[in-house]
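J.: coordinates only, sequence not included:
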């Protein structure tokens with residue numbers, strides 16, 4: 001009997017090990033299924049990344065082309081601006097020359113400085129008092145000063161300009 005029980009014990013042990021192996025295989029199978037599901041998700045993610053990378057590469061090519069066009073356009077506009085700036089500089093210098101010429105013409109055309117004259121200057125000789133009627137003093141302002149002390153003040157006469 002001992003031989004029989006020993007073989008039974010070995011078979012029971014083998015059966016137990018087989019049950020443990022089957023249980024472990026079931027666990028591994030579940031893990032493999034999850035891994036395969038994750039692999040499918042990873043493949044989808046990798047596919048999306050590849051698509052996004054291709055789109056980004058095309059966008060970069062488009063941006064480079066746009067940057068090149070902008071650079072060319074900017075260079076053309078900068079050249080035009082420099083040309084316009086040079087023309088404006090020339091026109092400003094020509095304007096200054098014209099202004100100086102106009103100032104010289106205006107200065108030459110300006111009448112001489114006004115001379116203060118006596119209002120009687122434009123009267124006809126007949127309307128002027130006779131020379132004998134005018135007081136004979138050395139200086140006209142001296143007679144005005146001398147006469148101012150003796151007589152009441154006379155109204156001031158305005159001098160004509162022009």
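T.: Yep, that arrived. As the structure is a computational prediction, the values presented were derived from the model and not from experiment. Numbering: from 1, shown residues only.
J.: pLDDT below threshold where in this structure?
T.: Within the chain, the stretches with pLDDT under 70 are 1, 115-162.
J.: again, only this time at 80
T.: Counting by pLDDT under 80, the chain contains low-confidence ranges at 1-4, 112-162.
J.: what ranges do the helices span in it?
T.: Applying DSSP state H to the chain gives helices spanning 2-109, 140-150.
J.: how about those in TSV, adding mean neighbour count?
T.: In this view, the C-beta of every residue, glycine as well, is placed from N, C-alpha and C. Shown next, in TSV, are the helices of the chain (neighbours: other C-beta atoms under 10 Å):
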stretch	mean neighbour count
helix 2-109	10
helix 140-150	10
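J.: quick one: residue 93 from residue 100, how far?
T.: Counting by C-beta to C-beta, to the nearest Å, the separation of residue 93 from residue 100 is 11 Å.
J.: what do you get for residue 81?
T.: Distance from residue 81 to residue 100, by C-beta to C-beta: 29 Å.
J.: can you check residue 110 too?
T.: Distance from residue 110 to residue 100, by C-beta to C-beta: 16 Å.
J.: cool, and residue 21?
T.: 112 Å.
J.: ditto for residue 2
T.: 138 Å.
J.: with residue 11 instead?
T.: 127 Å.
J.: same thing with residue 56?
T.: 64 Å.
J.: equivalent analysis for residue 77, please.
T.: From residue 77 to residue 100 the distance is 34 Å (C-beta to C-beta).
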